[in-house]
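[1] here is a sequence together with a model predicted from it:
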Amino acid sequence: MPRKLEIKDLDANFFTLLNDRWALLTAADGEGCNPMTVSWGGTGILWGKPVATVYVRPQRYTKGLMDREEYFSLSFLPEDRHDVVALCGSKSGRDVDKVKECGLTVLKDEKVPYFAEAELTLICRKVYQQDLKGECFTDPEVDGKNYPKKDYHRMYIGEIVAALRG
Ligand SMILES: Cc1cc2nc3c(=O)[nH]c(=O)nc-3n(C[C@H](O)[C@H](O)[C@H](O)COP(=O)(O)O)c2cc1C
């Protein structure tokens, strides 16, 4: 079983973890769950709380789950399970049961599912959500390059309520 870490003892480099390793973003989907790969996001301090921020485009199946659920988890799998994060970033929960297809073992905090295979998991309680807006870009090149279809991400900020080391 993963063991709980003090958040102040987290020594992970989230720049390299997110950018190179990628993460599985998961919110409950009824009794099941649907992991979606993310590589954009971050961790920090906001409103005096340790927080994780993720960004989800409107067309993702995961967006409905993120909107509805109070909790989400971010799971970082070991390097040799890159096949799993690649699959969860290329198939939609609308079409396939990704947990089954990847052979993932779901563990359940009472609030949110996460995975036994993860080396590190952040359990987050949603605090804030807001769509990015075209008119708020101070650099129009970033807007044009990332949102030609105007499908702006919704930003979700969650308080990190637990960190688990697998
Ligand atoms: C490396 C990688 C990173 C990704 N990061 C994000 C992200 O931060 N936000 C997002 O909305 N989609 C991101 N995606 C795309 C989703 O993971 C992908 O569309 C997925 O199939 C959506 O699953 P769902 O429909 O089950 O939610 C990423 C995909 C990959 C391969």
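    Cool, got the structure.
[2] can you name the residues of this structure sitting close to the ligand?
    Where the chain comes near the ligand, counting by C-beta under 6 Å from any ligand atom, the residues are 22, 34, 36-40, 55-57, 60-62, 89-94. C-beta: built from backbone N, CA, C; applies to glycine.
[3] what about the residues you listed, which are in strands?
    Mapping those onto strands (DSSP state E) picks out 36, 37, 38, 55, 56.
[4] and the residues you listed, which two are furthest apart?
    The two members of these with the most space between them (C-beta to C-beta) are 37 and 55, at 12.5 Å.
[5] can you name the residue of the chain nearest to the ligand?
    In the chain, the residue that lies nearest the ligand is residue 89 (2.7 Å; C-beta to the nearest ligand atom).
[6] next one: phi and psi at that residue?
    phi -100, psi 0 (degrees, to the nearest 10).
[7] isn't it up against residue 36?
    Yes: if you go by C-beta atoms under 8 Å, residue 89 and residue 36 touch, sitting 7.2 Å apart.
[8] so for the two, which residue has more residues nearby?
    Taking neighbours as other C-beta atoms under 10 Å, residue 89 and residue 36 compare with residue 36 leading, 24 against 15.
[9] got a list of what the more buried one touches?
    Contact partners of residue 36, counting by C-beta atoms under 8 Å, 6 or more residues apart in numbering, are 24, 25, 26, 56, 60, 61, 62, 88, 89, 93.
[10] SS state for residue 45?
    strand (DSSP: H, G, I helix; E, B strand; the rest coil).
[11] what's the nearest residue to it if we skip its chain neighbours?
    In space, and not counting its chain neighbours, residue 45 is closest to residue 51: 6.9 Å by C-beta to C-beta, 6 or more residues apart in numbering.
[12] surely that neighbour and residue 125 touch.
    No: the criterion here is C-beta under 8 Å, and residue 51 misses it with residue 125 at 9.8 Å.
[13] any common contacting residues for the two?
    158, 159.
[14] nice, that's everything, thank you.
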